[in-house]
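1. After the sequence you'll find the predicted model.
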Amino acid sequence: HLARAFADEATAAGVRVLRGGAEGPNFVAAYHAWRPVIEALLDVADTGDPAARRARADAAFAAHDLRRELAPLLADVIALDLADNDFTRQLDPQVRADNLLSLLTDLLRRRLAGAPALIVVEDAHWFDSASWSLALALSRLTGGAAALLVLTARPDDSPPPARRELLTHADAEVLRLTALSPEDCGALLGARLGLADVPASLARRVHDWTSGTPFFVEQVALALQEAGLVRRDAGAAVLIAGEQELAAFQVPASVEALISRRLARLSPGALLALQVIAVLGRPVARDELSGLLARIDPGLDARGADPALAAGLLVHPPRAPAVLAFPHALALKATYEAIDPPIRRRLHEIVATWYEEHVPGDMASRVAALAHHWSRAEVPDKALRYLGPAGEQAFLAFASREAVGFLREALARADQAAAPPSPAARAG
């Protein structure tokens, strides 16, 4: 919330704002956290048409004097229909990775020259290795790039080397968020529910229940409303619970458990829509959600998610009224883990099939997601089709940790496949 509010203030002040973010712990495609930023800099974010994206990327390369022979390398990062040329085809993996990082850094430097810009990339604790490398490269830029980089991340006792280096950068400033005080809990509760006056005793209870964790406070606020302890009267929220009712109100020990309890109050259709988004693992456009739900039941569409939206279990991201997302990573995690394993596997299969049929031109930038979904669907033959390329793609981007993860998963799935790969395929 703080990062988004800061970005909104910067936009209102006329500062150019670029936003990105990691999609979750399971999406480890190289540079995935930077995709929205890269697409915005190439002016391709608002179109899915392959020809239009290629033309706009060509125009950006020409306008900003970027090395056109390196353009095919971008197809490893975003959906861009550019085949390798004679130059990129002969690059060995290390040189290819170095050239891709250099190209992305140059793109940032040239597009950010002149007017000030703010780059906000959230959930850095889920960065892949390449995304950390680009953040570090951006911090080292000199010569005209007037940009402020804001990264949000959870604490990490064993941070990757790039994160450690960023934290010790001469210009770095680290803002560590502490727990809310009882008074702050009361203020947040009041703001979330529209209560003009929150009794100090309730604020203290909420603080005790949540330990001052902001997202937990918000979920408690919504649970109080669902339990009928807060109601609307003439357009204003009114607390109707006394001390006895509040003492009897049970709050689970974790926010995940509270979300699970709130999920049980949803209709089957709303819960299914929420489960599909949780399996997808990222924000989803309404038309995309409708397409996925129609594969389960032709009578279903994105309107099924509206009760979850009204309950605050889904939100619209900033300036994206046609997109649905979880309000917090913990809400996604709790929803995903509450899905029965057979249903979860089936939903992963539906998502993977949808990707194969609807985004063939985007396959290079989605190969990691396809590997993930087919693996979670426990369809080893399909998983093997993408795990190898996903590992190779990560290796080419010099994301060694992610490459090892994909290839280990490929070896595990190979033993389950109907037609196990040959020894040469397993080795290569």
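-> Everything's here; your move.
2. Break down the stretch 151-300 of the chain into its strands, ranges please.
-> 230-233, 236-239, 284-285 (DSSP state E, counting those that start in this stretch).
3. just these: most buried one?
-> Per residue and on average, the most neighbours among the strands of the stretch 151-300 of the chain fall to strand 284-285, with a mean of 18 (mean count of other C-beta atoms under 10 Å). The way it works is simple: take the backbone N, C-alpha and C, and place the C-beta from them, glycine included.
4. helices and strands around it, which ones?
-> Strand 284-285 is packed against strand 323-324, with contacts defined by 3 or more C-beta pairs under 8 Å, 6 or more residues apart in numbering; DSSP states H and E.
5. For the stretch 251-400 of the chain, which segments count as helices?
-> In the stretch 251-400 of the chain, the helices defined using DSSP state H, counting those that start in this stretch lie at 255-263, 268-280, 286-296, 306-310, 329-337, 341-358, 363-376, 380-396, 400-414.
6. per-stretch mean pLDDT over the strands of the stretch 151-300 of the chain, give me the minimum one.
-> Mean pLDDT per stretch puts strand 236-239 lowest among those, at a mean of 70.
7. show me the contacts for the residue lying farthest from the centre of the chain.
-> Farthest-out residue of the chain from its mean C-alpha position, per C-alpha atoms, centre = their mean: residue 244, at 41.3 Å. With C-beta atoms under 8 Å, 6 or more residues apart in numbering as the criterion, no residue contacts residue 244.
8. ranking the helices of the stretch 251-400 of the chain by burial, who's on top?
-> Highest mean neighbour count of those: helix 363-376, a mean of 24 (counted as mean count of other C-beta under 10 Å).
9. now the angle from that one to helix 400-414?
-> With axes from the mean of the first three to the mean of the last three C-alpha atoms, to 10 degrees defining the directions, helix 363-376 sits at 50 degrees from helix 400-414.
10. Restricting to C-alpha, output helix 363-376 in CSV.
-> Output of helix 363-376 as CSV, limited to C-alpha atoms (Å, rounded to 0.1, in the frame of the first residue of the first chain):
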residue,chain,number,x,y,z
MET,A,363,5.3,-19.1,-25.6
ALA,A,364,8.9,-18.0,-25.1
SER,A,365,8.0,-15.6,-22.3
ARG,A,366,5.6,-18.2,-20.7
VAL,A,367,7.6,-21.3,-20.9
ALA,A,368,8.5,-21.1,-17.2
ALA,A,369,4.8,-20.8,-16.3
LEU,A,370,3.9,-23.7,-18.6
ALA,A,371,6.6,-25.9,-16.9
HIS,A,372,5.2,-24.9,-13.5
HIS,A,373,1.6,-25.6,-14.3
TRP,A,374,2.1,-29.0,-16.1
SER,A,375,4.4,-30.0,-13.2
ARG,A,376,1.7,-29.0,-10.6
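11. count of neighbours near residue 159?
-> Using other C-beta atoms under 10 Å, residue 159 has 16 other residues around it.
12. same question but for residue 323, I mixed them up
-> Counted with other C-beta under 10 Å, residue 323 comes out at 18.
13. shift numbering so it begins at 679
-> Got it, the first residue is 679 from now on, which makes the last one we talked about residue 1001.
14. how close does it sit to residue 829?
-> 22 Å (C-beta to C-beta, to the nearest Å).
15. do the same with residue 692
-> 23 Å.
16. These two: which is more packed in?
-> It is residue 829, of residue 692 and residue 829, that has more neighbours when counted by other C-beta under 10 Å, with 23 against 8.
17. what residues are up against the nearest residue to the more buried one once chain neighbours are set aside?
-> Nearest non-adjacent residue to residue 829, counting by C-beta to C-beta, 6 or more residues apart in numbering: residue 802, 4.4 Å away. Applying C-beta under 8 Å, 6+ apart, we find residue 802 in contact with 700, 711, 809-810, 813, 829-831, 841.
18. quick one: low-confidence ranges for the stretch 929-1078 of the chain?
-> 1037-1043, 1074-1076 (pLDDT under 70).
19. Report the contact partners of the nearest residue to residue 1068 once chain neighbours are set aside.
-> Nearest residue to residue 1068 in three dimensions, chain neighbours excluded: residue 1049, at 4.1 Å (C-beta to C-beta, 6+ apart). Applying C-beta under 8 Å, 6+ apart, we find residue 1049 in contact with 1061, 1064-1065, 1067-1068, 1084, 1087.
20. Count the residues that sit near residue 788.
-> 17.
21. before we move on, what about residue 723?
-> Neighbour count of residue 723, defined by other C-beta under 10 Å: 17.
22. Now do the SS call for it.
-> The three-state label given to residue 723 by DSSP: H, G, I helix; E, B strand; the rest coil is coil.
23. Wait, it touches residue 714, no?
-> Yes. Between residue 723 and residue 714 there is a contact under C-beta atoms under 8 Å: 6.7 Å.
24. would TSV of the contacts of residue 1049 with distance to residue 860 be doable?
-> Output for the contacts of residue 1049, formatted as TSV (distance: C-beta to C-beta, whole Å):
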residue	distance to residue 860
1061	49
1064	50
1065	50
1067	53
1068	48
1084	47
1087	46
